[in-house]
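**Q** return a 3D structure for these sequence lines:
(chains A, B, C and D)
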Amino acid sequence: MNLAFDLLLIAALLWSAGRALTTPDLFRAVVLFIVFGLLMALAWARLDAPDIALAEAAIGAGLTGALLLDALGHLRGPVRRKSGLIAPSTVMSSEGAGPPAFPTYFLNGLAIVLAVALGLALAGALLLLPEPAISLPREVAAAMDASGVAHPVTAVLLNFRGYDTLLEVAVLWLALLGVLAVAGGRAPGRAPVTPRSARASLKVPRLLARVLAPLALLVAGYLLWAGAHQPGGAFQAGAVLAAAAVLLNLAGLLPGGATPRWVLRAGLGFGLLVFLAVAAAVMGQGVLLQYPPAWAGALIMLIETGLTLSIGLTLAGLFLALSGASRQ
Amino acid sequence: MLDPLPWLILLPLFWATLAFVRGPGRGGRLAVAGLLLQLALAGGLARQVAGEGERVYAVGGWGAPLGIDLAVDGLSAVMLLLAQAVALPLAVYARAYYAAHEEGARYFWPLAGALLAAMNALFLAADVFNLYVTLELLGLAAVGLVAASGGAGPVTAALRYLMATLLGSGAYLLGVALLYGAYGSVSLSILAPLLGADAPLAVFLAAALMLLGLMLKTALFPFHFWLPPAHGGAPAPVSALLSALVVKASFYLILRLWLDLFAPLATVAAAQLLGLLGAAAILWGSLMALAQTRLKMLVAYSTVAQIGYLFLLFPLATDTGSVASASAIQGGVMQALSHGLAKAAMFAAAGTVILSLGRDDIARLGGVSSRLPLTLFTFALAGVTLMGLPPSGGFTAKWLLMSSAMHSGQWGWVVVMILGGLLAAAYVFKVLRQAFLPVEAGTQFKPVPRLLEWPAFLLALASLLLGLRAGEVLGLLGAG
Amino acid sequence: MSAGLLYALAGAALFAFGVAGLILRSHPLRKILAFNVMGSGAFLVLVGLGQRDGTADPVPQAMVLTGIVVSIAATALALALARRQREHGNDKEERDA
Amino acid sequence: MTMDLSALNQLLAVFLLANLVLALWRVTRGPTPADRLLAALLFGTTGVALLLLLAHAGGGMALVDVALVFALLAAITGTAFSLRAWRREEDDERP
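**A** So this is what the prediction gives:
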């Protein structure tokens, strides 16, 4: 029966992903992709990975879904320009105009053959793989007492491999920089102007936003606190915060914009700066990111709190910058 | 005493974040100060490596396999020096450039800081998953820089660049997943001794995926399609950073994986294939450069060609005996260094021409020789390195590669290198000839600040003098 | 066959889907979906393969959390670029008209 | 896998998942955008039920948190759809 569950879930995953990439209608593709994200969250739950399930539900399905739905209106309609990966003129698809030429058939065929070969080779390789020589879970378990937290994933994320996380926070901040650079520099962000006719339709979303935003704040606080001893932590908490901001923006209660003022810029950089400062400060006693054992728990909590704020702002900023930029 | 190793990663992140908080367009002076410090730190680290050899740094004090290790040896020390040495003059140049030309200036400094941090972190990483994170950091910073001016051309180029770089890092990540599944660790020092020629199929697949992904990021022919529009369309300081450094970072990683981790899997056939792609890149890139009508596109296609030389080292260093192999690796690294310096100078010079003339059509460069003599001289000096004439670093590089080819009896590569040098001479002289023509009627040369011309000149001079100091560089390379 | 290995196999298939989609589809939005599918595939291989023996392994789980954050960062940047590109296309059309 | 579903829970889980697969079919078939999105929202609710079941069956209490986030986020996706995509969808369908 377990196997039946897994096979059904995997079939649904493959079907939704495959259809999202092949269905001719973009809207349908995005909805299928959101469904794919939800199914992935279920798969993570099934794989004993509740931390990832949380992140996937909040980031993968929630925020990515909102970003895609918001972008959809701007990216639909006839495509005037190709942005093919190989070359503008050699790859076409059903979204382009005109029947594909012979080299297109050939290249498309080649790509399909290569992808199928890759999939089969991977499957074969996975089935033939012997057991690994090293067991990291055992190493993690042995070092848990010195990590300052009680939840293994948090210990890996913020202590054993905290350096990865430092760089990853930088990646997120960097993406916002890129979005601001591309979307910004135009009309300053203002609350979306709502025509009288549309105002009535915002009634329900506004009510929803007013009820859900405080609730989201509460959930974010809970997830942050929970991270020390059970699944949760800064990323999930930040994502829930960001989702609340997105909802407020959609309901017209929070202005979008791509030119953050300095307080907001400080908030966006705050988490990274705290992380960097802690990483540097502990070097007085040892090496980069080596927390003194007695302080490890407190320092990790400090970093996570800063990160929750900045990750929330950054993720929300990714949406608000785009949403504000398009409403000039 | 300040340990230079972690600070090479923290410092650029610090000034990048502070520049962001200070606001759009701010932070240039902070960046120059930070880069000065970084250059000193990289110098200090190189001296450490030259004196004490390879060094491992366990972040968080945990050590592999539980924690993440950083490591520095001769190769990474040389690459770190190159990155800071190119970035510092470019930062001085960029301040002058953006003072005259505001487009794309708003987030240049934070993006550039993140780019430098990513590169330094990549050169120091000794953990395949950590390398993945640095690759993503580097890729997104580079794409952001290309797109920052917001124009139609750069945005399209940036989107294509982003898709290529994401496909590349996706393939790399799957390779990491397979390695973890096979051995239970992602640390290079743990994985290397476990990996043998009898490795399971998954490990061969991992090697192929990681190398392919990185080739896409390095823009090796035929994966070069994204490079010319991205490097040619970005503002000049960005083109210089990207062409001089960013493609070298993924090349460095290919070299490191080939020589260390995947050495037991490396076959002569695979090495010959890489060499053939490199040869095709040299010829195709040079011919395309020759066919360009815009100066920056010519310089960008020249990068496609010069990347080709880097890949000639693989057939020369695989199963050819220690003498040929050592000289091939030295030649490849010298090529990465001298091309880095020369290409930064060349793009900076092209940017100066654009700022002064307002355009970069090669056919209408008349008068540059008399109005911008220093900039033209910079371009010519950098050209000497690309052609591989003595005493430049490019000459040393090609001489080392050729002697390795002769040693192992692979004469074909010698022919390719000679042809490549001739073609480079052809496209460099195509520009110089136009520049020496008289000023076209109605052409206005805007005066340019000296801080625009001198940093570029210093970079070109460094690429030329590198040949004279090759002994020291190669000594450092062999130290760890 | 353990559940981990089963999901790793599904991940391999998803990765191949994503690669094919990224190469074959031309619309930027579709490419963005494709690389997300590709990433999810790689994540499933990473965690599934690490948990072949049926015990949870926090190390690849933490790595996937990192990967998810990187994915949304790249998605947002790609969407921003695609939208800007489309705006330029629309501007051009208006000028041409 | 620490999670070992008891026979009844297993049956229920498979049943809920089968529901999801049917909803997935509705998402692909449409025919109207509202059909698609309602089906997608059904994913949220059924997903919550499924997660609670998995938590009950030994997947750990953390899955209850996942269900909580699921429920919260489904509201947001729904709003994003109705306010942004749906109206545009109707615009598109007008001749």
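**Q** got the confidence number for D:M1?
**A** If you check D:M1, the pLDDT there is 43.
**Q** next one: A:K82
**A** 41.
**Q** for chain C, what lies in contact range of chain D?
**A** Counting by C-beta under 8 Å from any C-beta of the partner chain, chain C comes close to chain D at C:2-3, C:54, C:56. Bear in mind the C-beta positions are built from the backbone N, C-alpha and C, glycine included.
**Q** from B:M215, how far out is the residue of chain C found nearest chain D?
**A** Nearest to chain D in chain C, going by C-beta to the nearest C-beta, is C:G54, at a distance of 4.9 Å. According to C-beta to C-beta, to the nearest Å, C:G54 and B:M215 sit 37 Å apart.
**Q** neighbour-wise, which of the two wins?
**A** When neighbours are counted by other C-beta atoms under 10 Å in any protein chain shown, B:M215 comes out ahead of the other of C:G54 and B:M215, with 23 against 12.
**Q** the strand or helix carrying the more buried one and chain C in contact?
**A** Element membership of B:M215 [criterion: DSSP states H and E] is helix B:201-218. No - counting by C-beta under 8 Å from any C-beta, chain C is not contacted by helix B:201-218; separation bottoms out at 8.5 Å.
**Q** what is the helix or strand following that helix packed up against?
**A** Next along the chain after helix B:201-218, taking DSSP H and E as the criterion, comes helix B:227-233. With contacts taken as 3 or more C-beta pairs under 8 Å, 6 or more residues apart in numbering or on different chains; DSSP states H and E, helix B:227-233 sits against helix B:152-183, helix B:295-311.
**Q** tabulate the CA atom coordinates of helix B:227-233 in CSV.
**A** The C-alpha coordinates for helix B:227-233 follow below in CSV (Å, rounded to 0.1, in the frame of the first residue of the first chain):
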residue,chain,number,x,y,z
LEU,B,227,29.0,35.1,-24.7
PRO,B,228,29.3,37.7,-27.5
PRO,B,229,26.0,39.4,-27.0
ALA,B,230,26.4,39.4,-23.2
HIS,B,231,30.1,40.6,-23.1
GLY,B,232,29.7,42.8,-26.1
GLY,B,233,26.4,44.4,-25.0
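**Q** contacts for it next, please.
**A** With contacts defined as C-beta atoms under 8 Å, 6 or more residues apart in numbering or on different chains, helix B:227-233 is touched by B:146, B:151, B:153-154, B:156-158, B:160-161, B:219, B:239, B:242-243, B:247, B:288, B:294, B:296-297, B:299-301, B:303-304, B:347.
**Q** 7 Å instead, please
**A** B:146, B:153-154, B:157-158, B:160-161, B:219, B:239, B:242-243, B:296-297, B:300-301, B:303-304 (C-beta atoms under 7 Å, 6 or more residues apart in numbering or on different chains).
**Q** show me which positions of the strand or helix carrying C:A74 end up buried.
**A** C:A74 belongs to helix C:58-96 when elements are defined using DSSP H and E. Buried residues in helix C:58-96, counting neighbours by 16 or more other C-beta atoms under 10 Å in any protein chain shown, are found at C:58-89.
**Q** what's the answer for stretch B:151-161, then?
**A** Within stretch B:151-161, the residues scored as buried using 16+ other C-beta under 10 Å are B:151-152, B:154-161.
**Q** OK, contacts around C:F15?
**A** A:122, B:174, C:38, C:41-42, C:45 are the contacts of C:F15 under C-beta under 7 Å, 6+ apart.
**Q** give me the pLDDT for A:T64.
**A** For A:T64, the predicted pLDDT is 90.
**Q** hang on, I meant A:A191
**A** At A:A191, pLDDT is 44.
**Q** state the distance from the residue nearest to A:V274 when sequence neighbours are not counted to chain D.
**A** Closest residue to A:V274 in three dimensions, ignoring its sequence neighbours and counting by C-beta to C-beta, 6 or more residues apart in numbering or on different chains: A:G306, at 3.6 Å. Separation of A:G306 from chain D (C-beta to the nearest C-beta, to the nearest Å): 22 Å.
**Q** sketch out the low-pLDDT regions of chain D for me.
**A** D:1-6, D:30, D:59, D:85-95 (pLDDT under 70).
**Q** for chain B, which residues score under the pLDDT cut-off?
**A** Using pLDDT under 70, chain B drops low at B:1, B:480.
**Q** the helix of greatest length in chain B: what's the following helix or strand?
**A** Across chain B, the longest stretch assigned as helix under DSSP state H is helix B:322-357. Note on helix B:322-357: by DSSP H and E, the next helix or strand toward the C-terminus is helix B:368-371.
**Q** if we can go back for a sec, quick one: the helix holding B:M215 near chain A?
**A** Yes - against chain A, helix B:201-218 shows contacts by C-beta under 7 Å from any C-beta of the partner chain at B:201-202, B:205.
**Q** and for that helix, what's in contact with it?
**A** Against helix B:201-218 from outside (C-beta under 7 Å, 6+ apart): A:121-122, A:124-126, A:128-129, B:164-165, B:167-169, B:171-172, B:174-175, B:178-179, B:181-182, B:195, B:223, B:247, B:250-251, B:253-254, B:257, B:262, B:265, B:307.
**Q** near chain C, which of these show up?
**A** Among those, chain C is touched by A:122, A:126, B:167, B:174, B:181 when using C-beta under 7 Å from any C-beta.
**Q** okay, now B:L287: neighbour count?
**A** For B:L287, using other C-beta under 10 Å, the count is 14.
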